[in-house]
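In: I'd like to go over a predicted model; first the sequence, then the structure.
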Amino acid sequence: MIPLALSMGDPCGIGPEITLKACAAPSRTAPVVVIGDPGVLTRADRFAGTGLTVRPIPSVDRAAHTPGTVDVLAESDLPADLPWGALDARAGAASFRYVRRGALLALRGEVRALVTAPINKEALRLGRIPHPGHTEILADLSGTTDYAMMMANDELRVVLVTVHQSLRTAIDALDTERELAVIRLAHRALLRGGRAAPRIAVAGLNPHAGENGMFGREDLDVIAPAVAAARHEGIRASGPWPADTVFMRARAGEFDAVVAQYHDQGLIPVKYLGIEHGVNITLGLPFVRTSVDHGTAFDIAGLGSADPTSLLTALRHAEQLSAR
């Protein structure tokens, strides 16, 4: 079976630890090839305690998937004194190389999907990587211009119109064309996920979705026309709905997904339900990509206490989506 690729994440964070724990978990069913640093993984297992043997391989086709081992495509050879839980330019640059290798493997069909452990945006900057996060890196590497981030758990699915930018510039970036594109991406993703006629709620930008223009006209002039255009195409979209209640309604089953206007509007309700159960899915790429919905957690890196549940959830979603 074609394996999943799992990029190790920032070598100074919890990525190496949860990578090992996820690979060792009995609940993991798909074969996995890790992209990372064999030395870092070997040192991480001293506190991860999985007992896995790290096995460097030159290419995906050399993976053995032997019980008790983890097959690793080496994309860095970092020093043994690289500190846990610290920002480091070397780690930022290395984490980018892991993602780049995984994307290229997925584009060539050598792996069935790419699953990513967390990277650190400041470490990327220190490593002179001109991208703020995974989504932008993968879009650039694959030549994708129409993409969006979906955060999901068993209770809620949220797709973001804008992602890694300031709130001021996010509001300025809203336009009807982008709004409609994200509604379409959400619709296609839900169809691929098995929903025959998905119901998509679009959250308003302003309080009470603008109160018919009293609290700003973006909901009337930008968001509502996109919803109308989507409905004209046969998409079951509705809104803009007040953001303070629409996520609750979706969680109760009234909608299959919510389109949120900016990062925190959409991610706070998802993460409030439990970071360990969430998964990040990039929509619009020419391959399946899922990720954890948490960060590098430098404060607990190297302690052995990191929870791999979100990464296991990301592996499960990648397996299911790539099967479809």
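Out: Nice, thanks for sending it over. What you are looking at is a predicted structure, and each value in this text was computed from that prediction instead of being measured.

In: quick one: contacts for residue 53?
Out: 68, 69, 70 (C-beta atoms under 8 Å, 6 or more residues apart in numbering). Any C-beta I mention is one placed from the backbone N, CA and C, and that applies to glycine too.

In: Counting only helices, which of those residues make the cut?
Out: Under the assignment DSSP state H, the contacts of residue 53 contribute nothing to helices.

In: out of those residues, who's nearest residue 36?
Out: residue 70 (9.6 Å; C-beta to C-beta).

In: What's the separation between the closest one and residue 289?
Out: 21 Å (C-beta to C-beta, to the nearest Å).

In: Around the residue nearest to residue 274 when sequence neighbours are not counted, how many other residues sit close by?
Out: In this structure, residue 274 finds its nearest non-sequential neighbour in residue 153, 6.8 Å apart by C-beta to C-beta, 6 or more residues apart in numbering. By other C-beta atoms under 10 Å, the residues close to residue 153 number 20.

In: Name the residues of the host helix or strand of residue 41 that come out as buried.
Out: Secondary-structure assignment from DSSP states H and E places residue 41 in helix 38-48. For helix 38-48, burial by neighbour count (16 or more other C-beta atoms under 10 Å) applies to 38, 39, 40, 41, 42, 43, 44, 45, 47, 48.

In: So the second one sits against residue 75, correct?
Out: Translated: residue 39. No: using C-beta atoms under 8 Å, residue 39 makes no contact with residue 75, being 11.9 Å away.

In: Point me to the residue sitting farthest from the middle of this protein.
Out: residue 214 (35.8 Å; C-alpha atoms, centre = their mean).

In: element containing it, please.
Out: Using DSSP H and E, residue 214 falls outside every helix and strand.

In: any idea which of the buried residues of helix 38-48 is the one closest to residue 257?
Out: Looking across the buried residues of helix 38-48 and measuring by C-beta to C-beta, the closest to residue 257 is residue 48, at 34.8 Å.

In: doesn't residue 22 make contact with that closest one?
Out: No: the criterion here is C-beta under 8 Å, and residue 48 misses it with residue 22 at 10.3 Å.

In: Mind jotting down where the strands sit in this structure?
Out: 4-7, 32-36, 53-57, 69-74, 114-116, 148-152, 157-160, 199-203, 236-241, 257-260, 279-283, 289-292 (DSSP state E).

In: Kindly reformat these as TSV containing mean pLDDT.
Out: TSV is the format used below for those (pLDDT from 0 to 100):
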stretch	mean pLDDT
strand 4-7	98
strand 32-36	98
strand 53-57	97
strand 69-74	97
strand 114-116	97
strand 148-152	91
strand 157-160	96
strand 199-203	98
strand 236-241	97
strand 257-260	98
strand 279-283	91
strand 289-292	94
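
In: I'd like those laid out as a markdown table, including distance to residue 98.
Out: Formatted as a markdown table, the strands of the chain follow (distance: least, C-beta to C-beta, whole Å):
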| stretch | distance to residue 98 |
| --- | --- |
| strand 4-7 | 4 |
| strand 32-36 | 5 |
| strand 53-57 | 14 |
| strand 69-74 | 9 |
| strand 114-116 | 8 |
| strand 148-152 | 19 |
| strand 157-160 | 24 |
| strand 199-203 | 33 |
| strand 236-241 | 37 |
| strand 257-260 | 29 |
| strand 279-283 | 16 |
| strand 289-292 | 12 |
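
In: measure the residue farthest from the centre of the chain to residue 206 for me?
Out: For residue 214, the distance to residue 206 - C-beta to C-beta - is 9 Å.

In: what does residue 80 give?
Out: On the measure of C-beta to C-beta, residue 80 and residue 206 end up 53 Å apart.

In: Could you check which of these two has the larger neighbour count?
Out: Legend: neighbour count by other C-beta under 10 Å for residue 80 and residue 206, higher for residue 206 (21 against 8).

In: OK, contacts around that one?
Out: 215, 216, 218, 219.

In: Quick check on it: phi, psi?
Out: Here is the backbone geometry of residue 206 (degrees, to the nearest 10): phi -90, psi 160.

In: can you give me the helices in the stretch 201-324 of the chain?
Out: The residue ranges that make up the helices of the stretch 201-324 of the chain, judged by DSSP state H, counting those that start in this stretch, are 218, 224-232, 243-251, 263-272, 309-323.

In: Correction: the previous question concerned the stretch 51-200 of the chain.
Out: 89-107, 121-126, 134-142, 167-173, 176-192.

In: who wins for proximity to residue 293 among those helices?
Out: When the helices of the stretch 51-200 of the chain are ranked by proximity to residue 293 (C-beta to C-beta), helix 134-142 comes first, at 11.5 Å.
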